[in-house]
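*Asks:* this one's structure only:
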């Protein structure tokens, strides 16, 4: 079995094609939203009314990143964990492909206005979804062993490890920074579409412990 004590990764996780598509949703969905946001009576709208309409969106998806993790997992039987038993090693290559989306929860957003200056306070962005592409994901090659066969749960366990690695990759790769930047621009564009450019928008991001 592939328990954590036995599992051996033959090599570090290889991100064969990990590319940030930061702002993908912002560039498409955000633009469409801003275009549709343009109300007929925009001159009569107050900043607070605009803010309420923004908050009604609930979640703002502001960045997306695709990943392609390919790695080899191996396992060998041991004698009471003292030494490996010869001729009992098995292994398989696995590819895990998917897309992670990050965004901002607008439920706890706060609004304040001083003169023409609008201040918006937001929670830190979070992972909204991690969607695998199961048509592209799966076992590429396996070297089974009759003395230590590969089981379905072994592959499932390795797949779970890939999910953790994919989520850690976005934290290390700056996706959350992109999500903050794009969320600010998206919200600023919404205010500008309704009120014009005479209302500068400033942002404050709560620390994680404040948002909990």
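*Replies:* Right, received. Where do you want to start? Only a predicted model underlies this, so the values are computations on that prediction, with no experimental measurement involved.
*Asks:* what about residue 88, how many neighbours?
*Replies:* Residue 88 is flanked by 14 other residues according to other CB atoms under 10 Å. Glycine gets a C-beta too; all of them are placed from N, C-alpha and C.
*Asks:* how about the one 3 residues further on?
*Replies:* Residue 91 has 17 neighbours, counted by other CB under 10 Å.
*Asks:* residue 139 now?
*Replies:* 14.
*Asks:* and the pLDDT for residue 62?
*Replies:* With respect to pLDDT, residue 62 scores 89.
*Asks:* any idea which element it lies in?
*Replies:* strand 59-75 (DSSP states H and E).
*Asks:* how far off centre is that strand?
*Replies:* Here strand 59-75 shows a centroid-to-chain-centroid distance of 8 Å under the convention CA atoms, centre = their mean, to the nearest Å.
*Asks:* burial measure for residue 198, as a count.
*Replies:* Count around residue 198 with other CB under 10 Å applied: 7.
*Asks:* state the distance from it to residue 52.
*Replies:* 20 Å (CB to CB, to the nearest Å).
*Asks:* check residue 71 too.
*Replies:* 47 Å.
*Asks:* same check on residue 185?
*Replies:* Distance from residue 185 to residue 52, counting by CB to CB: 20 Å.
*Asks:* quick one, which of these two is more surrounded?
*Replies:* residue 185 (15 against 11).
*Asks:* name the element the more buried one belongs to?
*Replies:* Following DSSP H and E, one finds residue 185 within helix 175-195.
*Asks:* got the buried residues for that helix?
*Replies:* 175-176, 178-184, 186-195 (16 or more other CB atoms under 10 Å).
*Asks:* got the angle between it and strand 59-75?
*Replies:* Using axes from the mean of the first three to the mean of the last three CA atoms, to 10 degrees, the inter-axis angle of helix 175-195 relative to strand 59-75 is 160 degrees.
*Asks:* give me the helices and strands touching helix 175-195, please.
*Replies:* helix 31-37, helix 47-55, strand 59-75, strand 90-105, strand 117-122, strand 201-205 (3 or more CB pairs under 8 Å, 6 or more residues apart in numbering; DSSP states H and E).
*Asks:* looking at the ones you listed, which is closest to residue 132?
*Replies:* Smallest distance to residue 132 across the helices and strands packed on helix 175-195 (CB to CB): 3.9 Å, for strand 90-105.
*Asks:* could you give the separation of the next helix or strand after the closest one from the chain centroid?
*Replies:* Sequence-wise, the next helix or strand downstream of strand 90-105 (DSSP H and E) is strand 110-114. How far strand 110-114 lies from its chain's middle: 29 Å, per CA atoms, centre = their mean.
*Asks:* ok, strand 110-114: who's next to it in the sheet?
*Replies:* Here strand 110-114 is paired, per DSSP bridges, with strand 117-122 (antiparallel).
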